[in-house]
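J.: Pasted the sequence and its predicted model underneath.
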Amino acid sequence: MKILFLGDVMGRAGRRAIVENLPRLREEWRLDFVVVNGENASNGMGLSAEHAKLILEAGADCITLGDHAFDQKDMLQFIEREPRILRPVNYAKTAPGKGARVFEATRGRKVLVAQVLGQVFMKRAFDDPWGAIEGVLKSHPLGGMVQASIVDMHCEATSEKMAMGHWCDGKASLVVGTHTHVPTGDTQILPGGTAFQSDAGMCGDYLSVIGMERAEPMRRFVTGMSKTRFVPAKDEATLSGVYVETDDRTGKATRIEMVRQGGRLEQAGP
């Protein structure tokens, strides 16, 4: 199976890059399944129903969220009506929506997608991510109920993301980190057959400070004081993520490649 995972969509520039490029990539790369992290797609804070529809119509099979899942209040209702959107599995127990779901890919193949929030350096403590994801993967074994499984590890610390990759090795097709908006260079297939990258990066303007216009973040770092709100950078975005191929029989990864399409970081695709 050919799978594309794209990192955090950042504001208008990120949305535009998805709409303009994802339909082409689905066709050119003959993709079977696409996951997009959309938690910063609406002005850098959360995802609105309107913008979720744009990403889905562009070709995403599933959208994952994160710690900003419900910053856009209409998502509280919309996520209950749209099963293709997932919030973290270890979010508040009373939160609407689901944190894991099985989707249908091309030729009727089944793909599990789950998102989990880390705990290190996060603004508030979330429920245990390890037990949460272990239960999901145990109930959806590779090569049995599903032909592939994808885990979006949404957190700050690269060490925690790496630990989750090893924790899931052999039980998931892909574990990929999101949230920090900076793509990492540790793309690999772990010994048990799980594809891994600590952070997918963002779909946004990289002439920025993690997707925000530079002036205000720089002012706060230099002076310790704020003057205005953060505003997403608006120049051409780079689509960042990973491309993975899996064995339908075992669900294990056979190939993983970094993806950089458009903008300042563009490179050749798979």
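T.: Good, I have the coordinates.
J.: is it true that residue 149 lies in a strand?
T.: Yes: checked against DSSP: H, G, I helix; E, B strand; the rest coil, residue 149 lies within a strand.
J.: what residues are up against it?
T.: Contacts for residue 149 were tallied using Cβ atoms under 8 Å, 6 or more residues apart in numbering; they are 111-114, 137, 140, 142, 171-174, 251. The way it works is simple: take the backbone N, C-alpha and C, and place the C-beta from them, glycine included.
J.: again, only this time at 6 Å
T.: Residue 149 makes contact with 112, 172-173 under the criterion Cβ atoms under 6 Å, 6 or more residues apart in numbering.
J.: Residue 211 too?
T.: Residue 211 is in contact with 10, 181, 202, 204, 232, counting by Cβ under 6 Å, 6+ apart.
J.: Test my guess that the second one contacts residue 200.
T.: No: if you go by Cβ atoms under 6 Å, residue 181 and residue 200 don't touch, sitting 9.3 Å apart.
J.: Those two: which has the busier surroundings?
T.: residue 200 (28 against 22; other Cβ atoms under 10 Å).
J.: Now intersect the contacts of residue 211 with the helices, please.
T.: With helices defined by DSSP state H, no entry of those lies inside them.
J.: most neighbours, which of the residues you listed?
T.: In terms of neighbours by other Cβ under 10 Å, the contacts of residue 211 top out with residue 204 at 34 neighbours.
J.: so how far is residue 172 from that one?
T.: Applying Cβ to Cβ, to the nearest Å, the value for residue 204 to residue 172 is 26 Å.
J.: again with residue 180
T.: Using Cβ to Cβ, one obtains 20 Å as the distance from residue 180 to residue 172.
J.: just residue 158 next, same as before
T.: Remark: distance between residue 158 and residue 172 (Cβ to Cβ) = 18 Å.
J.: for residue 152, same thing?
T.: Using Cβ to Cβ, one obtains 11 Å as the distance from residue 152 to residue 172.
J.: Please identify which of those two sits among more neighbours.
T.: Set side by side, residue 152 and residue 172 give different neighbour counts by other Cβ under 10 Å, the larger being at residue 172 (32 against 29).
J.: Just the CA atoms of the helix or strand containing residue 102, as CSV, please.
T.: Secondary-structure element containing residue 102, defined by DSSP states H and E: strand 100-104. These are the backbone C-alpha positions of strand 100-104, laid out as CSV (Å, rounded to 0.1, in the frame of the first residue of the first chain):
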residue,chain,number,x,y,z
ALA,A,100,-8.8,5.9,16.5
ARG,A,101,-10.7,4.5,13.6
VAL,A,102,-10.5,2.0,10.8
PHE,A,103,-10.8,3.4,7.3
GLU,A,104,-11.1,1.9,3.9
